[in-house]
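[1] predicted model, plus sequence, below.
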Amino acid sequence: MAHVQVLPPDEARKIAAGEVIDRPAALVRELIDNAIDAGGTRIELSVDGGGSRRIEVIDDGAGMEKEDLELCWRTHATSKIRSIDDLKSAETLGFRGEALAAAATVSHLEILSSADSREAWRLEVGPGESLGARIERARRKQGTSVRASGLFDTIPARKRFLKREWSEANLCRLTFIDKALAFPAISFRLSLDGKLKTALPVASSLKERFASLLLDSPQAAYLHEIHTAMTRFSVSIVVGGPELARPDRRQQYIFANGRRIQDFSLMQALEYGTQGWFPNGYHPVGAIFVDIDPAMADFNIHPAKREVRFADASSIHHAVTSSLRDFVRHRNQQYAGQVYTVPELELLYTAEPSPQFQNTPNHEIEYTVARTVALDALRENPPEYAPQALLAQPSAPEITSISSSLVPQAMQTEFTAQSSSPTFHSGHELRYVGKAFDIFIIIEKDNRLFFIDQHAAHERILYEQFLVRPVPVQELLVAIPFRTESEEDDQFLNTRRDALERLGVVIKTDCGSWRIEALPAHWNLSDSETVQAILDLKRAGADLAEHWLATLACHRAVKEGDNLDERVALSLAEAALALPVHRCPHGRPILFELSREILLRAVKRV
Ligand code: ADP
Ligand code: MG
């Protein structure tokens, strides 16, 4: 007897159906896709028993005529394309004509539909073809209801691999969220086991929909929306500010033409574009929506369309990073002078440190320090260093940095000079209260207490100074030789050597070995740390200058535990409060504010 046999059609269909619908959430996705493709403006999803008992999607879309209904559940029956060439222009979410066929194979399918509110038909089919399809007259307004019940009842092997009911239900809910995020103009409702869980009215923007699905309402204020349009694609980005930062990337979503996709490189773009805006180790929440000419993308590479191949992925990546960078830069300028407060006393008592610095802007304090657009200037017009000339003045008086061992004396000169120029004039006095935990300077001002992180604050002060007044370069008496670990390192050094030199890092190479010949004056890292700091700039991309200056500022700033005397601490605090941006160059807040009122409320005095 031959070993090879053709499978009976019913078995073959079951196997094929498993590719499309591997679990209830997959069917949820397909049915919602169909409702969206039909132009539905109100879509309702009900899921019972984790989807195994019943999944139902009701829409008010175009509906189907009797002839369409009779055909729609057949394998490869679709109204959306006629040939593979049509994929180049298909704007619909579906196009393979597989979903309803798969649903009819693995469940009992009932479809009730009307194309004009006058005539309506009900179709019943499955599981499998054996019973045949029945069709009868019915009543319904225009639109379609699709109900799949007893999912996988006839395929025990698949059913065994389902998770518990609640976790399958949760996967269905997550799929619902994916769809609702991408279509804010559609109103959606979700019920689980007969209970209404989510009702989303039409939203006026992607950001509004994102907020209503994923955030508590006060957090919505920290969401931003950015749009960029290119010739063959456009990108909309919803991104949360540092107030919503998370220690993981779980709330990052990428969409291409309305489908949620897994695309690591676009997730990276979200991170790159917002670098410096977030504390180290925290990630933005947000979503990237790529809308692309279907001819420039292939969605037909994954059975669930979870992956897509872009013809020009790097342009999309670039559009995302650069529009985010522009946005962050403008925002930093616009929000110059923001002070961080605790709106709710309760926050103080949370046991876990909250990554969500629930801050509200406070514009009471006015500043005269105009934030220069120095960063842009620096990019376009990098300062020219002349190592020879600078050799003569390695300790030029304009050097604003200090090494932490020299703290009190050096800082006195630095900050006394600053405080004599009235940078901070609110008309009220600052009073030095004290220090705490080896890191905070505590200041009283205008009925408020400010806890200033001395390292982070000094870091930002230096960073701002470096932007406008570059640090002199000092040639090293003995060059630092080093070896690279990878070709990537060599390539980085070769291509960015000029840029580094403009930042005061002079590197030479011969015969594959490298040496550092000059560094910013008063450089105080060991040789190996220095090499590491330079190679770390590989990841900085276009932001080489910002990263380098941030590194420089970090190393020069006073450290936790450095003992500042009262006058020095006060000057540092004054300069910190006058800063245009109250975040360190890495994005962490540099201070924390408590009002008198909050403290009085804490002891029930008000
Ligand atoms: P595809 O979406 O890939 O075309 P499906 O199996 O999901 O394949 O659906 C088959 C056809 O049935 C669709 O092309 C469409 O014409 C019709 N259809 C399915 N669901 C709906 C709906 N909710 N409203 C109107 N027509 C629908
Ligand atoms: Mg479909």
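    That came in fine, so what should we check first? Ligands and ions are numbered 1, 2, ... in the order given.

[2] got the residues of this protein near ligand 1?
    Residues of the chain lying close to ligand 1 by Cβ under 6 Å from any ligand atom are 30, 34-35, 37-38, 59, 61-64, 68, 72, 77-80, 94-101, 144, 146. C-betas here are computed from N, CA, C, even on glycine.

[3] and those residues, which of them are buried?
    When burial is judged by neighbour count using 16 or more other Cβ atoms under 10 Å, the buried members of the residues of the chain next to ligand 1 are 30, 34-35, 37-38, 59, 61-64, 68, 72, 78-80, 94-101, 144, 146.

[4] which ones among the residues you listed lie within strands?
    D59, T144, V146 (DSSP state E).

[5] assess the claim that the second one and A120 are in contact.
    No - in this structure, T144 sits apart from A120 without contact. The criterion is Cβ atoms under 8 Å, and the distance is 9.7 Å.

[6] quick check: neighbours shared by the two?
    Common contact partners of T144 and A120 (Cβ atoms under 8 Å, 6 or more residues apart in numbering): G63, L112, S113, S114.

[7] who wins for neighbours among the residues you listed?
    S113 (27 neighbours; other Cβ atoms under 10 Å).

[8] check contacts around that residue.
    G63, M64, L69, A120, W121, L123, R140, G143, T144, S145.

[9] report pLDDT for the residue of the stretch 1-150 of the chain found nearest ligand 1.
    As assessed by Cβ to the nearest ligand atom, ligand 1 sits closest to G94 within the stretch 1-150 of the chain, at 2.4 Å. On pLDDT, G94 comes in at 89.

[10] nearest residue to it other than its sequence neighbours?
    Distances taken as Cβ to Cβ, 6 or more residues apart in numbering put D33 closest to G94, at 5.2 Å, once the chain neighbours are dropped.

[11] the one you found contacts R96, doesn't it?
    No - if you go by Cβ under 8 Å, D33 and R96 don't touch, sitting 10.9 Å apart.

[12] that older thread, give the contact list for the residue nearest to G94.
    So D33 contacts L93, G94, A99, K179 (Cβ under 8 Å, 6+ apart).

[13] show me what contacts the last one?
    Translated: K179. R29, I32, D33, I36, F188.

[14] out of those, which is nearest to ligand 2?
    D33 (5.1 Å; Cβ to the ion).

[15] so which bits of this protein are right by ligand 2?
    Neighbours of ligand 2 within the chain, by Cβ under 5 Å from the ion: N34, G94, A99.

[16] which one is the first one nearest to, not counting chain neighbours?
    Counting by Cβ to Cβ, 6+ apart, the nearest residue to N34 once its immediate chain neighbours are dropped is G94, at 6.1 Å.

[17] check A550 too.
    Counting by Cβ to Cβ, 6+ apart, the residue nearest A550 is P585, at 3.6 Å.

[18] next, count neighbours for that neighbour.
    Neighbourhood size, P585 [other Cβ under 10 Å]: 25.

[19] please apply the same query to the one 5 residues further on.
    For I590, the count of nearby residues is 25 (other Cβ under 10 Å).

[20] let's see stretch 564-581 as CSV, backbone CA atoms only.
    C-alpha atoms of stretch 564-581 as CSV (Å, rounded to 0.1, in the frame of the first residue of the first chain):
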residue,chain,number,x,y,z
LEU,A,564,28.7,71.1,49.9
ASP,A,565,28.9,74.0,52.3
GLU,A,566,25.8,76.1,52.8
ARG,A,567,26.7,78.9,50.5
VAL,A,568,27.7,76.6,47.7
ALA,A,569,24.6,74.5,48.1
LEU,A,570,22.4,77.6,48.1
SER,A,571,24.1,78.8,44.9
LEU,A,572,23.7,75.5,43.3
ALA,A,573,20.0,75.4,44.3
GLU,A,574,19.5,78.9,42.9
ALA,A,575,21.1,78.0,39.6
ALA,A,576,19.1,74.7,39.5
LEU,A,577,15.7,76.5,40.0
ALA,A,578,16.6,78.9,37.3
LEU,A,579,17.2,76.2,34.8
PRO,A,580,15.0,76.2,31.8
VAL,A,581,14.4,72.4,32.0
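
[21] so how far is that stretch off the chain centroid?
    Computed by Cα atoms, centre = their mean, to the nearest Å, the chain-centroid distance of stretch 564-581 equals 33 Å.

[22] what does stretch 71-80 give?
    The answer for stretch 71-80 is 38 Å, by Cα atoms, centre = their mean.

[23] likewise for stretch 278-286?
    7 Å.

[24] got it, and stretch 496-516?
    Relative to the mean C-alpha coordinate of its chain, stretch 496-516 is positioned 34 Å out (Cα atoms, centre = their mean).

[25] what mean pLDDT does it get?
    Averaging pLDDT along stretch 496-516 gives 90.

[26] how long is it end to end?
    End-to-end distance of stretch 496-516: 14 Å, with Cα to Cα, to the nearest Å as the criterion.

[27] now swap in stretch 430-445 and tell me
    First residue to last in stretch 430-445 (Cα to Cα) measures 5 Å.

[28] just stretch 249-265 next, same as before
    Distance across stretch 249-265, first residue to last, is 13 Å (Cα to Cα).

[29] related to what we said a few turns ago, farthest pair in the contacts of D33?
    A99 and K179 (13.9 Å; Cβ to Cβ).

[30] got the buried residues for stretch 489-507?
    489, 492-493, 496-497, 499-507.

[31] of those, closest to ligand 1?
    Using Cβ to the nearest ligand atom, the buried residues of stretch 489-507 come closest to ligand 1 at F492, 46.5 Å.

[32] part of a helix, is that closest one?
    Yes - applying DSSP: H, G, I helix; E, B strand; the rest coil, one finds F492 inside a helix.

[33] of all the residues in the stretch 451-600 of the chain, which one is nearest ligand 1?
    Taking Cβ to the nearest ligand atom, the stretch 451-600 of the chain has G541 as its residue nearest ligand 1, at 40.2 Å.

[34] state whether that residue is indeed within a strand.
    No - counting by three-state DSSP, G541 falls outside a strand, being helix.

[35] surely F152 is in contact with E168?
    No - if you go by Cβ under 8 Å, F152 and E168 don't touch, sitting 10.7 Å apart.

[36] mind giving me the domain split of the protein?
    9-200, 206-333, 336-606 (automatic domain parsing).

[37] tell me which other helices or strands the longest helix along the chain touches.
    Identified as the longest helix of the chain according to DSSP state H is helix 313-334. Here helix 313-334 touches strand 223-229, strand 233-240, helix 264-273, strand 286-292, going by 3 or more Cβ pairs under 8 Å, 6 or more residues apart in numbering; DSSP states H and E.

[38] could you give the average pLDDT over the second one?
    If I follow you right, that is strand 233-240. On average, strand 233-240 scores 95.

[39] now what about that strand, what contacts it?
    If you take Cβ under 8 Å, 6+ apart as the criterion, strand 233-240 is touched by 206-207, 210, 215, 219, 222-229, 251, 270, 274, 284-293, 296, 315-316, 319-320, 323-324, 327.

[40] picking up where we left off before, now, which of the shared contacts of T144 and A120 sits nearest A557?
    Lowest distance from A557 to these (Cβ to Cβ) belongs to G63, with 66.4 Å.
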